[in-house]
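1. Pasting the sequence and the predicted model now:
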Amino acid sequence: MSVNIPSKIKPSMVVAIDLLVNDPEAKITDVAEKAGVTRATVHNWLKDPEFVEVFYQKYMVVFGSRLPTVLNSMVREAEAGNVQAGRLVLEHSGKLIKRVEVNNHQSPFEKFLSSQASDMEEVEVLEADYEDIEVLPQRPVVPDKKITQGQISREEKRLDKKNKKRREARRWRQRAKAVGIDKPKMGRQTPAQRKDWQEKIIKKEKALNVVSKKS
């Protein structure tokens, strides 16, 4: 693969690019000295889109030329029994598909499936169609527990008691309004505060000769 070098790229730029490509850890000072320019000039080049593009293209050419050597080394390691090297080679060639198993709080059904599939963390695939993909059964649906008659009865009593308290509180507010007694302040009242408020209402009703409706 050849690299197209624009006319704007000077020979000193090419020298700097070659140095940076072949020695990525090279210091800017050393690159500038060998290219015959200042450090500031090299920094400005690295901000130039055309310079960076040529730099990138040349780097990819060098990287690609080194890749077969690296792969050959990994193949030799894999043949010698290095499992990690073998995995990397297969992943690079597209022959290995990883299955990631997430271990969290599992239900008994999920633990059963995990025990059946414990040897399937990695699968080597040569040719596969969508029909070859294994689909695990879905988790069974557990029906809701039935509500007993006793639970229904207790809930009805609780609601009836709650509604009774609301009706009683509404009647006291109506009695207070009828005789000009202010409603209690916002917030929950203590039993003593509620009793004191109700006694004020009764006292005012007697003073005004008002007969309240009994529940």
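-> Nice, thanks for sending it over.

2. What mean pLDDT does stretch 20-39 get?
-> Averaged across stretch 20-39, pLDDT comes to 90.

3. any idea which helix or strand comes after the least confident helix or strand in the chain by mean pLDDT?
-> When the helices and strands of the chain are scored by mean pLDDT, DSSP states H and E, strand 122-124 comes last with a mean of 45. Following strand 122-124 in sequence order, the next helix or strand is helix 149-179 (DSSP states H and E).

4. tell me which residues of that following helix are tucked away?
-> For helix 149-179, the neighbour count (16 or more other CB atoms under 10 Å) marks 172, 175-176, 179 as buried. C-beta coordinates here come from the backbone N, C-alpha and C atoms, glycine included.

5. Can you get me a residue count around E199?
-> 10 (other CB atoms under 10 Å).

6. er, F51 I mean
-> 21.

7. again with the one 3 residues further on
-> Applying other CB under 10 Å, we find 21 residues neighbouring V54.

8. re earlier: now the two most distant members of the buried residues of helix 149-179.
-> By the measure CB to CB, W172 and V179 form the most distant pair in the buried residues of helix 149-179, at 11.3 Å.

9. Sketch out the low-pLDDT regions of this protein for me.
-> 1-3, 67, 92-145, 212-215 (pLDDT under 70).

10. how near is the residue nearest to N22 when sequence neighbours are not counted to V54?
-> Take N22 and drop its neighbours on the chain: the residue closest to it by CB to CB, 6 or more residues apart in numbering is V62, 6.9 Å away. According to CB to CB, to the nearest Å, V62 and V54 sit 13 Å apart.

11. Then K204?
-> For K204, the distance to V54 - CB to CB - is 96 Å.

12. What values do phi and psi take at I5?
-> phi -100, psi 110 (degrees, to the nearest 10).

13. Run a quick neighbour tally on it.
-> Look at I5: counted by other CB under 10 Å, it has 15 neighbours.

14. Identify the residues contacting it.
-> I5 is in contact with 14, 54, counting by CB atoms under 8 Å, 6 or more residues apart in numbering.

15. So which residues of the protein form strands?
-> For the chain, applying DSSP state E gives strands covering 96-98, 122-124.

16. ok so, going back, which one of the buried residues of helix 149-179 sits closest to G81?
-> Closest to G81, out of all of those and judged by CB to CB, is W172, at 87.6 Å.

17. so that closest one sits right up against I201, yeah?
-> Yes: counting by CB atoms under 8 Å, I201 is a contact partner of W172 at 6.8 Å.

18. could you pull out the helices for the chain?
-> For the chain, the helices defined by DSSP state H occupy 11-22, 28-35, 39-45, 49-79, 83-93, 108-116, 149-179, 191-208.
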